[in-house]
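J.: My questions are about this predicted structure, shown below with the sequence.
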Amino acid sequence: MMQPATLQKRRLRWGLFILALLAPLQAAAIESAVEIEARRAYPARDDDAASTLHIIGTTEASVMDGLVQAYRARYPKVAVIYDQATSRAVFDAVEGNVDVDGSTYDLAISSAMDLQIKLVNDGRAREHRSVATARLPRWATWRDRIFGFTREPAVIIYNTEAFRDIPVPQSRFELANLLRRAPELFERRIATYDPEVSGLGYLFATQDSLQSDTYWRLMEIFGNLSARMSCCSSEMLDQVASGEIALAYNVLGSYAQVWRDGGAPIGIVLPRDYTLLMLRTALIPLASDNVGAAGDFIDFLVSEDGARVIRHEAYLSPVLPEGDDGTLLPVRLGPGLLVFLDALKRRAFLSEWASAVAERR
């Protein structure tokens, strides 16, 4: 027989679920096993809903809106709940088989490719095969369990007013030289991700370190200039747009483009030495209760129709079609991403990063 305390907890969780369906939640923290930042609920277009697809993702809810709406047009009997969360929260939700309502998620979307790969490697994702996923290039899928659907550059952004009389650096080498020549212009006025708190920031930092020693020289200069360490691209974009800082390194180019198109005084540089391409990925958690709908959503994301929505409504760059990327360097999905998730390797990397940056600030 169910104990009163247990029954009360279940009723409380159910009440939270109903509340979420009635209106979007904008919450920095919710009393739950998983902390979510925002929620959007989409009732089925057909009044007699056949199922609910529960998604957790790092992509901003406003960016996902067009994709969810297009999916619902195809599958009117499916209701959708989208929870926006940090990459660590997405990982924890899948690993722990729990969400804000005490149930399980059906789809996990994240920009932290390494954490997603770990979930697959640890047996936390379901296999999914279809005609649509078979079209993906090898670097955009792994073991038929994780699927890239966007490719987005890590860029340098700058305040156009701050650079009115300064040549804009087009490579890491030029950026390092500029910061050395004019430190008085950039003291406390540059920013980058804090890899200790940001999953995506850690991914960019580790991948940067594999490509060139210039990354470490840049971080030392950033430390000497008391650079700001940020949690996310949106924070850095806000600071650059306001003129609070002059330049930010390794910002998501897709978000920067939206801000610039909206009139923000932001310039964007794709470094010509190389530009990392992050893949936004999707996987079906092992504990999913709605595997069919989750698979349909993945197929839509990588379809031609999905690519059009991604490009024209979400303002991101779809994985397909492939093209001549020049200096664009995709971060490939695969076991290589697990290297820096090893506890000892991570501790060593962050220690080296701290000695280059944090201890100089």
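T.: All right, it came through fine.
J.: now the strands for the stretch 251-361 of the chain?
T.: Taking DSSP state E, counting those that start in this stretch as the criterion, the stretch 251-361 of the chain carries its strands at 266-269, 275-283, 328-330.
J.: can you tell me the average pLDDT over the longest one?
T.: Averaged across strand 275-283, the pLDDT comes to 95.
J.: The first one too?
T.: Strand 266-269 carries an average pLDDT of 97.
J.: show me where pLDDT drops low in the stretch 101-250 of the chain?
T.: Within the stretch 101-250 of the chain, not a single segment meets pLDDT under 70.
J.: can you give me the helices for it?
T.: For the stretch 101-250 of the chain, the helices defined by DSSP state H, counting those that start in this stretch occupy 113-121, 131-134, 172-181, 183-186, 199-211, 214-224, 233-242.
J.: So which of those is the most surrounded?
T.: Burial of those is given as mean neighbour count (mean count of other C-beta atoms under 10 Å); helix 113-121 ranks first at a mean of 23. Using the backbone N, CA and C atoms, a C-beta is placed for each residue, glycine as well.
J.: what angle sits between that one and strand 275-283?
T.: 40 degrees (axes from the mean of the first three to the mean of the last three C-alpha atoms, to 10 degrees).
J.: quick one: contacts of helix 113-121?
T.: 87-88, 90-91, 94-95, 108, 110, 125, 142-143, 145-146, 148, 199, 202-203, 206, 278-279, 281, 283, 285, 331, 333-335, 337-338, 340-341 (C-beta atoms under 8 Å, 6 or more residues apart in numbering).
J.: Please type out the ChimeraX selection for whichever of the residues you listed turn out to be buried.
T.: Those of the contacts of helix 113-121 that count as buried under 16 or more other C-beta atoms under 10 Å are selected in ChimeraX with:
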select :87,88,90,91,94,108,110,125,142,145,146,148,199,202,203,206,278,279,281,283,285,331,333,334,337,340,341
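J.: ok, the most centrally placed residue in the chain - contacts?
T.: With distances taken as C-alpha atoms, centre = their mean, residue 111 lies nearest the centre of the chain, 2.8 Å away. Contact analysis of residue 111 by C-beta under 8 Å, 6+ apart lists 58, 59, 87, 152, 199, 200, 252, 278, 280, 281.
J.: tell me which of those is nearest to residue 214?
T.: residue 278 (19.1 Å; C-beta to C-beta).
J.: quick one, phi/psi of residue 55?
T.: phi -120, psi 140 (degrees, to the nearest 10).
J.: Thought residue 83 was touching it, still the case?
T.: Yes: between residue 55 and residue 83 there is a contact under C-beta atoms under 8 Å: 6.9 Å.
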